[in-house]
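Peer 1: Okay, predicted coordinates and the sequence, questions at the end:
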Amino acid sequence: MADASELFTELAAARGIVLREDTLHSIEEICRRLDGLPLAIELVASRLVVLPPAHVLEALSQGLALEMEGPVDLPERQRTLGATLEWSYALLSDRQRELHETLAVFAGGCSLTDLRALVDPGPGLLADLEALVAWSLLRSDVADGDVRVSMLDTVREHALSRLASSGRLDDLQRRHGERFLGLAVAAEEALEGPDQSSWFERLELELDNIRATLDWLLTSGRVEDALRAVAAINRFWRAHGHMSEARRWLSLGLGLADEVPIDVHADALWTAAQQASAQSDWQAAEPLLEEALALFRRAGRGRETAFSLSALGSVSLQSGEVERAAALGEEALGIARELGDERALSAVLNMLGEVRSVQGDHEQAIAHKEEVLALRRRLDDPSLVLNATLNLGYATFQSGDLERAREALEESLTVAENLGDALHTASALFLLAELDLLGGDPAAAAPRIRQSFAIYTELGSDRDRADCLVVLGGVAAANGAFDEATRLMGAADALRGAAPLDLFELKVLERYGGELEDALGERFGRLRDEGARIGAEALVAPVVHETLAD
């Protein structure tokens, strides 16, 4: 959008308006809202005579782009963007107008396959699409041999308005919603198989259409279908870092879920708990898991009962309730073995391995993790293999076998990056950075821990960000930047809150904490308090922005 912002600034200057530097963000957002369309920018820039950029942006937020008038010396058809689009419409055939309006129901574009499901796929379809592209009413992108068509937001706004006026909008929204509800439901099984990477990509590509579908389902009172759709793509929300969004949809749906079937309600609660756990929000996860467990028991769903017991065990470990975690794990293990369910068994053994690590029985912990990895390799489920290799890395790290830990974590990182799994990528990077730091290589640790922190920032996981800040502090200490290191430790304290220090923080603090206190003396406490007061954003934001830009 740099060219669009430059055009906007030039048009303002031509009218004798000098834009201040503090308005640049508003100008960039205005150009983004207008899709960089030169005519739209010219029309909107003309309003600077009476409105500052922030007020223009507010008008655009209220959907007034199409009505904004341009300079009086423009032809009548170019006095407003709406008039320009109407003039373009007058040159189209009836079939082309109908096609264009139908396309507006897709959010973020669509494939030709999805388009054909909503329109008459007659012999003239491709020619009509080409005409719409030629008139700049449609964009066409070709990637990997597939064609995807989409509209600029301002053009889509106009087409939706016409669609609503024609009385066709409700029916098309219903058909669109049914199609993408079907996509979400079909994804559930596919996301457990070997093709999950391509399904992750497909769901990301269609995320705007899925959002539109969820919004339509909820506003239409189809709460059951909305909850079913969100739960069906549980893995996608976590792998691609959309946990906060999934939690919002589930919160909306669960607030209306009084009369949905018990299975749908239970799956929605389970999904909400998993999204919360992925953000280390254990306080929110626990009651969701308790309620889901009760419903799974009532419904006689053994596999999900074992999963829920295991997940509750993991939450219990986070609060130091080791005996409760072990008891929950043993109950879940009995259910999984009785069912002969390898997926459930792998989840339970994974959690029991965590219990054994906390209890100091590292040999048994590693044995559990190795059995989990073997089970999951047989299931031909890349995401579960990824999780298993990461957890084996954790267990071997805790046992002190750092060479084996690095081997497992390197495999985890490769698989996570291939799957586009943000959550596991951040975890693997964090652990590898800690290994680098404790192994005496802060230069290797620095880029990894910065990238991990950046990802966790996007994922909204403050507890994991606190871990990253401690390692960042260790890197600074290893480089002799003691003031910076101590402030980072203080910022980690603020993010961690009342949660206890974990193993990874303790190892860094054991290595560098005493050195920092000895070097700084009475300044140590003041600097640590200062870091807590300043906070992570001010201390690390420049690093995060650079990392995300790379």
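Peer 2: Thanks, I have it.
Peer 1: going forward, measure contacts and count neighbours with C-alpha atoms only.
Peer 2: OK.
Peer 1: Would you map the strands across this protein?
Peer 2: Assigned by DSSP state E, the chain shows strands spanning 110-111, 139-143, 146-150.
Peer 1: which one of the ones you listed lies closest to Glu245?
Peer 2: strand 110-111 (21.8 Å; Cα to Cα).
Peer 1: Paired strands for that closest one, with orientation please.
Peer 2: Sheet pairing here is set by DSSP bridges, and for strand 110-111 it gives strand 146-150 (antiparallel).
Peer 1: picking up where we left off before, which one of the strands of the chain lies nearest to Asn391?
Peer 2: Asn391 sits nearest to strand 139-143 of all these, at 36.1 Å, using Cα to Cα.
Peer 1: Buried residues, the longest helix belonging to the chain. List them.
Peer 2: Taking DSSP state H as the criterion, the chain has its longest helix at helix 169-190. Of the residues in helix 169-190, those buried by neighbour count under the rule 16 or more other Cα atoms under 10 Å are 169, 172-173, 176-177, 179-181, 183-185, 187-188, 190.
Peer 1: swap in stretch 92-100?
Peer 2: Taking 16+ other Cα under 10 Å as the basis for neighbour counts, the residues of stretch 92-100 that come out buried are 92, 96-100.
Peer 1: min pLDDT across those residues, which one?
Peer 2: Lowest pLDDT of the buried residues of stretch 92-100: Leu92, 76.
Peer 1: distance of that residue from Asp128?
Peer 2: 9 Å (Cα to Cα, to the nearest Å).
Peer 1: got it, and Glu363?
Peer 2: Glu363 sits at a distance of 67 Å from Asp128 (criterion: Cα to Cα).
Peer 1: out of the two, which sits in the more crowded spot?
Peer 2: Asp128 (18 against 14; other Cα atoms under 10 Å).
Peer 1: can you map out the helices along the stretch 101-250 of the chain?
Peer 2: Counting by DSSP state H, counting those that start in this stretch, the stretch 101-250 of the chain has helices at residues 112-118, 125-134, 153-166, 169-190, 196-205, 207-219, 223-232, 234-239, 243-254.
Peer 1: Let me have these in TSV, extended by mean pLDDT.
Peer 2: Compiled in TSV, these are given as follows (pLDDT from 0 to 100):
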stretch	mean pLDDT
helix 112-118	92
helix 125-134	86
helix 153-166	85
helix 169-190	95
helix 196-205	94
helix 207-219	97
helix 223-232	97
helix 234-239	95
helix 243-254	96
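Peer 1: picking that back up, any idea how far the longest helix of the chain is from the middle of the chain?
Peer 2: Using Cα atoms, centre = their mean, to the nearest Å, the distance from the centre of helix 169-190 to the centre of the chain it belongs to is 21 Å.
Peer 1: packing partners for it?
Peer 2: Counting contacts by 3 or more Cα pairs under 8 Å, 6 or more residues apart in numbering; DSSP states H and E, the secondary-structure elements packed against helix 169-190 are helix 112-118, helix 153-166, helix 196-205, helix 207-219, helix 223-232.
Peer 1: if we look at it, which residues are touching it?
Peer 2: 102, 105-106, 118, 160, 163-164, 196, 199, 209-210, 212-214, 216-217, 225, 228-230, 232-234 (Cα atoms under 8 Å, 6 or more residues apart in numbering).
Peer 1: go on, stretch 405-416?
Peer 2: Identification of contacts with stretch 405-416 by Cα under 8 Å, 6+ apart yields 382-383, 386-387, 389-390, 392-397, 422, 424-425, 428-429, 431-432, 435.
Peer 1: can we see that at 10 Å?
Peer 2: Stretch 405-416 is contacted from outside by 239, 382-383, 385-399, 402, 418-432, 435-436, using Cα atoms under 10 Å, 6 or more residues apart in numbering.
Peer 1: Which entries within those meet the buried criterion?
Peer 2: Neighbour counting over the contacts of stretch 405-416 (16+ other Cα under 10 Å) leaves 239, 382-383, 385-399, 402, 419-432, 435-436 as the buried ones.
Peer 1: All good on my end, thank you.
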